[in-house]
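# got a predicted structure plus its sequence, pasted below:
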Amino acid sequence: MKFLSLAYINGEGVERNVPLALKYLEQAAKESKDPEYYTEMGNFYLLLCKKDNPLASMEKAEQCFSHAAKMGNVQAAKKYAQIQQLRTDASQLKQQMQPGDRDALLRLGQLYIHGIEGAPLDKKEGYRFILEAANLDSPEAQYLLGKAYESGSGVKKDAEQAVRWLRKSAAQHHAGAQNELGLLYIQGEGVERNEHAAFKHWKASAMQNHPLAQYNLARLYMQGLGVEKITRKRPNGSSHVRSKANRKLCSFWDSYT
């Protein structure tokens, strides 16, 4: 049964089928009474949580680890303890949190989203707390919410909402949000393509030493998008595209060439 479940998980010799994989893995666990099977099933549920699979269930992963732990599996016991600790931390933070505490709401949301080994404890619940923090003008929460709407992770994908929240965050000088807005403007996602706006946001982010924004800004200089370009000669005689920018911004290009 174990090998059959693995075949359905990996699509080896059969069409990949997650429900059948879970069915055979559970059957193998019950028949063998081997804690390793329950541990593997718990790990599989964690993987499904990471992938946002409809069959994902942190509760079932917790049950599998609990069962295997009672049968003496050390790895399962460790993961069960980690999940229990996460739930305890979340509960304590809720109890200690004061009304309107945007930082506490942000931490609580991140706790639910990051979960264990990248598998969220409850992504939808996590973004509910992130939204509360964002509405209280937390720039980090606004940035995370914008990214979530951009990717459709934990919320319904919505490019316009992504731009809305990223703008709010960028207005509070969040370097990550400024960089992300630059990407949306250059790609024309959720907004009309605007190279000058992309340059503006990337420059603001780059001035805060955001490495990706510095790289993106260097690319604009190289292509002359949204900025006037000039060329200079390298020692070997080849042309080097350069924009008319101040000394510090020019150094961004040198960092990546």
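On my side now, so go ahead.
# any idea how far residue 76 lies from residue 46?
Separation of residue 76 from residue 46 (CB to CB, to the nearest Å): 11 Å. All C-beta atoms are positioned from the backbone trio N, CA, C, and that covers glycine.
# no, scratch that, I was asking about residue 92
23 Å.
# more neighbours: these two, which one.
residue 46 (26 against 10; other CB atoms under 10 Å).
# now do the helix or strand containing that one, average pLDDT.
Following DSSP states H and E, one finds residue 46 within helix 35-50. For helix 35-50, the mean per-residue pLDDT is 90.
# what residues sit buried inside it?
Using 16 or more other CB atoms under 10 Å as the test for burial, helix 35-50 gives 35-49.
# which other helices and strands contact that helix?
Applying 3 or more CB pairs under 8 Å, 6 or more residues apart in numbering; DSSP states H and E, one finds that helix 35-50 contacts helix 2-10, helix 18-32, helix 58-70, helix 74-96.
# check contacts around residue 170.
Residue 170 makes contact with 177, 178, 181, 201, 204, according to CB atoms under 8 Å, 6 or more residues apart in numbering.
# among the residues you listed, which ones are in helices?
Using DSSP state H, the members of those that fall within helices are 177, 178, 181, 201, 204.
# could you check how many residues crowd around residue 111?
20.
# and if you look at the one 10 residues further on?
Neighbourhood size, residue 121 [other CB under 10 Å]: 21.
# and the residue nearest to it when sequence neighbours are not counted, how far from residue 197?
Once flanking residues are discounted, residue 121 sits nearest to residue 115: 4.3 Å by CB to CB, 6 or more residues apart in numbering. According to CB to CB, residue 115 and residue 197 sit 36 Å apart.
# the two: which has the busier surroundings?
With neighbours defined as other CB under 10 Å, residue 115 and residue 197 compare such that residue 115 has more, 22 against 17.
# report the separation between that one and residue 126.
8 Å.
# what of residue 67?
When residue 67 is compared with residue 126 (using CB to CB), they lie 26 Å apart.
# these two: which has the busier surroundings?
Neighbour count, other CB under 10 Å: between residue 67 and residue 126, residue 126 has more, with 23 against 19.
# what's the burial count for residue 84?
13.
# swap in residue 98?
6.
# doesn't residue 104 make contact with it?
Yes - in this structure residue 98 lies within contact range of residue 104 using CB atoms under 8 Å: 7.2 Å.
# what sits closest to residue 141 if chain neighbours are left out?
Per CB to CB, 6+ apart, closest to residue 141 is residue 133, 3.6 Å.
# could you check the angle helix 74-96 makes with the helix or strand where residue 105 lies?
Assigned by DSSP H and E, residue 105 falls within helix 102-114. Angle of helix 102-114 versus helix 74-96, following axes from the mean of the first three to the mean of the last three CA atoms, to 10 degrees, is 160 degrees.
# quick one: contacts of helix 102-114?
86, 89-90, 93-94, 96-98, 120-123, 125-130, 132-133, 136-138, 140-141, 144, 154.
# which secondary structure elements does whichever helix or strand comes after it contact?
Counting by DSSP H and E, the element after helix 102-114 in chain order, helix or strand, is helix 123-135. If contacts are counted by 3+ CB pairs under 8 Å, 6+ apart, helix 123-135 sits against helix 102-114, helix 139-151.
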